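*Asks:* give the three-dimensional model of this entry:
(one chain, ligands or ions: 2)
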Amino acid sequence: MENSILREIQTLKKEKNAVILAHYYVDGKVQEVADYIGDSFYLAKIAKQTQASVIVFCGVSFMGESAKILNPEKTVLMPEREAHCPMAYMVADGKIEEMREKYPDLAVVCYINSTAELKRKSDVCVTSSNAVKIVKALQAKNVFFIPDENLGRYVAEQVPEKNVLLNDGFCPKHKEITAGQVRIEKQKHPFAKVLAHPECTKEVLAEADEIGSTAEILAFAKNSSAKEFIICTEHGVYYELKKQNPDKEFYFVEPCPICTDMKKITLEKIAHVLKTGENAVEIDEGLRRAALLPLEKMLELGN
Ligand code: 13P
Ligand code: SF4
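*Replies:* Residues are numbered from 1 along each chain as shown. Ligands and ions are numbered 1, 2, ... in the order given. Prediction:
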């Protein structure tokens, strides 16, 4: 059954001149059929560069939306229309306007895990792998970081010369990881290095040996001489961690963090959208052009 669906996807991909992009958090079987697997920054760059006519985006809605904003002449298909990142909506109405009034020099820095509406109101987008670099490069002293409070706090610590103002958004999955759970794993695996995503709370980050995006976590694990790692992020990264490091061991806290929205993507749904063209991302042209500016600024400053 699985082999026949894999064959079907390969045939449809050729027929439609399609490319499959997948985030590290989707199911391992989905990562296996992807042409490109990566963190949010890498996937945004690929979405802009690809020569394919159709992009099948295996991830949550803000990712497909960003791909369409960057590449409007392409068809962007979402295998699951209802895969959303709850954090992407977590900025109160009027909050950005209120902050702009209070701080005339304000730069609004928008984590890519956000809606196009929020991007449109922002000066620059960032991902977890380039946020520090981009905030450092900004002219403004006052920076409003939206929507993620934890990533914002982490950036503020790395860039003390800026006044980084925080918003109260969060990733429910990373927020569930506690420092107590990490300490339990440390007791069980005393030689393990702790690698954490900056969406984790400050208490969890305080337990970490290294902090970085999913791609950076993979790079730390690969380049380290350590053999065991405690991974503080969503479980999907395990697939690529193990693929790149078959001789190393990776442990997750209990209960294991699973992003249910990312896991909604299946091989069957990929085949279905390729076959039918359903779930194509549509975006109002005015909104797209406005949201494109902060995304392009990210690509320029982040590279
Ligand atoms: P990165 O892909 O930047 O590591 O971000 C993780 C994430 O939560 C994506 O939704
Ligand atoms: Fe959003 Fe968290 Fe899922 Fe990433 S892991 S898509 S931030 S809910």
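*Asks:* so how far is residue 116 from residue 138?
*Replies:* Note on residue 138: its distance to residue 116, by Cβ to Cβ, to the nearest Å, is 22 Å. To be clear about C-beta, it is placed using only N, CA and C from the backbone, and glycine gets the same treatment.
*Asks:* more neighbours, those two?
*Replies:* For the pair residue 138 and residue 116, the greater number of neighbours falls to residue 116 (21 against 17), based on other Cβ atoms under 10 Å.
*Asks:* could you find the closest non-adjacent residue to that one?
*Replies:* Leaving aside its chain neighbours, residue 116 sits nearest to residue 291 (4.3 Å; criterion: Cβ to Cβ, 6 or more residues apart in numbering).
*Asks:* what packs against the strand or helix carrying that neighbour?
*Replies:* Using DSSP states H and E, residue 291 falls within helix 285-302. With contacts taken as 3 or more Cβ pairs under 8 Å, 6 or more residues apart in numbering; DSSP states H and E, helix 285-302 sits against helix 40-49, helix 61-70, helix 116-120, strand 124-126, helix 131-137.
*Asks:* figure out which of these is closest to residue 221.
*Replies:* helix 40-49 (16.5 Å; Cβ to Cβ).
*Asks:* close to ligand 1, is the helix or strand following that closest one?
*Replies:* Downstream of helix 40-49, the first helix or strand assigned by DSSP H and E is strand 54-58. No - using Cβ under 6 Å from any ligand atom, we find that strand 54-58 stays clear of ligand 1, coming within 12.2 Å at best.
*Asks:* skipping adjacent residues, who's closest to residue 130 in space?
*Replies:* residue 302 is the one closest to residue 130 (Cβ to Cβ, 6+ apart), at 3.7 Å.
*Asks:* and what of residue 245?
*Replies:* Among residues not flanking residue 245 along the chain, residue 221 sits closest, at 5.8 Å (Cβ to Cβ, 6+ apart).
*Asks:* and that neighbour, that's in a helix?
*Replies:* Yes - counting by DSSP: H, G, I helix; E, B strand; the rest coil, residue 221 falls inside a helix.
*Asks:* can you tell me how far it is from ligand 2?
*Replies:* According to Cβ to the nearest ligand atom, to the nearest Å, residue 221 stands 19 Å off from ligand 2.
*Asks:* and for that residue, the neighbour number?
*Replies:* By other Cβ under 10 Å, 22 other residues sit near residue 221.
*Asks:* hang on, isn't it packed against residue 247?
*Replies:* No - using Cβ atoms under 8 Å, residue 221 is not in contact with residue 247, being 11.4 Å away.
*Asks:* hang on, the earlier thing: surely the residue nearest to residue 130 and residue 134 touch.
*Replies:* Yes - Residue 302 lies in contact with residue 134 (Cβ under 8 Å); the separation is 5.9 Å.
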